[in-house]
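A.B. asks: quick check, what structure comes out for this input:
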Amino acid sequence: MIRSASAVWQGALRDGKGDMKVQSGAFEVPFSFGTRFGEVKGTNPEELIAAAHAGCFSMAFSGALGQAGFTPEWVATTAKVSINQVEGGFGITKIELQMEAKVLGIDQATFDQIAQGAKAGCPISKALAAVPEITLEAKLV
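C.D. replies: Now for the predicted structure:
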């Protein structure tokens, strides 16, 4: 499988603008310096990374639960991506995963073990291995 997305940028960094779109046609979104580093309405690459990581982790956790004999009623994950100035420019310095799930018949220790394994095994987590800190807060409800 190969998945793709594209971006077109027009103009200078601070006053330019761009559009990102995905291969499937599911969305095309504008982005700018203001949407990335300010509070202008729109999206940015880090927000899309957060969405990808939240989705990937939720699926990986559900799959790992299934392999352990559990079926989640639901899994809800939020990913917070921090971009900060670092030596040589800007970098993603931290990703915080916050997950809640309703899984009947599972104990907390098993839930936590499966969640940590899913965090390590999720393809997006693996792709983001250069991020200095990826945390997980997992809550069984």
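A.B. asks: rest of the way, CA atoms for contacts and neighbours
C.D. replies: Noted.
A.B. asks: just give me the neighbour total for Phe31.
C.D. replies: Neighbours of Phe31 under the rule other CA atoms under 10 Å: 21.
A.B. asks: correct me, but it touches Arg14?
C.D. replies: No: in this structure, Phe31 is not within contact of Arg14 by CA atoms under 8 Å, at 11.5 Å.
A.B. asks: return the set of buried residues in the helix or strand where Ile92 lies.
C.D. replies: Using DSSP states H and E, the element containing Ile92 is strand 89-103. Going by neighbour count (16 or more other CA atoms under 10 Å), the buried part of strand 89-103 is Ile92, Thr93, Lys94, Ile95, Glu96, Leu97, Gln98, Met99, Glu100, Ala101, Val103.
A.B. asks: for the fourth one, give me its contacts.
C.D. replies: I take that to be Ile95. By CA atoms under 8 Å, 6 or more residues apart in numbering, Ile95 lies in contact with Ala50, Ala79, Lys80, Val81, Ser82, Val131, Glu133, Ile134, Thr135.
A.B. asks: check which element follows the host helix or strand of Gly66 along the chain.
C.D. replies: According to DSSP H and E, Gly66 maps onto helix 45-67. The helix or strand immediately downstream of helix 45-67 is strand 72-86, counting by DSSP H and E.
A.B. asks: relative to that next one, what are the paired strands and their orientations?
C.D. replies: Sheet pairing for strand 72-86, assigned by DSSP bridges, gives strand 89-103 (antiparallel).
A.B. asks: quick check: mean pLDDT of the strand it pairs with?
C.D. replies: For strand 89-103, the mean pLDDT works out to 97.
A.B. asks: right, and the helix or strand after that strand?
C.D. replies: Next helix or strand after strand 89-103 toward the C-terminus (DSSP H and E): helix 108-121.
A.B. asks: output that next one as PDB, nothing but the C-alphas.
C.D. replies: Taking C-alpha atoms only, helix 108-121 is exported to PDB below (Å, rounded to 0.1, in the frame of the first residue of the first chain):
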ATOM      1  CA  GLN A 108      -6.300  -2.300  34.700                       C
ATOM      2  CA  ALA A 109      -2.800  -4.000  34.500                       C
ATOM      3  CA  THR A 110      -3.700  -5.900  31.300                       C
ATOM      4  CA  PHE A 111      -5.300  -2.700  29.900                       C
ATOM      5  CA  ASP A 112      -2.100  -0.700  30.600                       C
ATOM      6  CA  GLN A 113       0.200  -3.400  29.200                       C
ATOM      7  CA  ILE A 114      -1.800  -3.600  26.000                       C
ATOM      8  CA  ALA A 115      -1.900   0.200  25.700                       C
ATOM      9  CA  GLN A 116       1.800   0.600  26.000                       C
ATOM     10  CA  GLY A 117       2.400  -2.200  23.500                       C
ATOM     11  CA  ALA A 118       0.100  -0.500  21.000                       C
ATOM     12  CA  LYS A 119       1.900   2.800  21.500                       C
ATOM     13  CA  ALA A 120       5.200   1.200  20.700                       C
ATOM     14  CA  GLY A 121       3.800  -0.900  17.800                       C
END
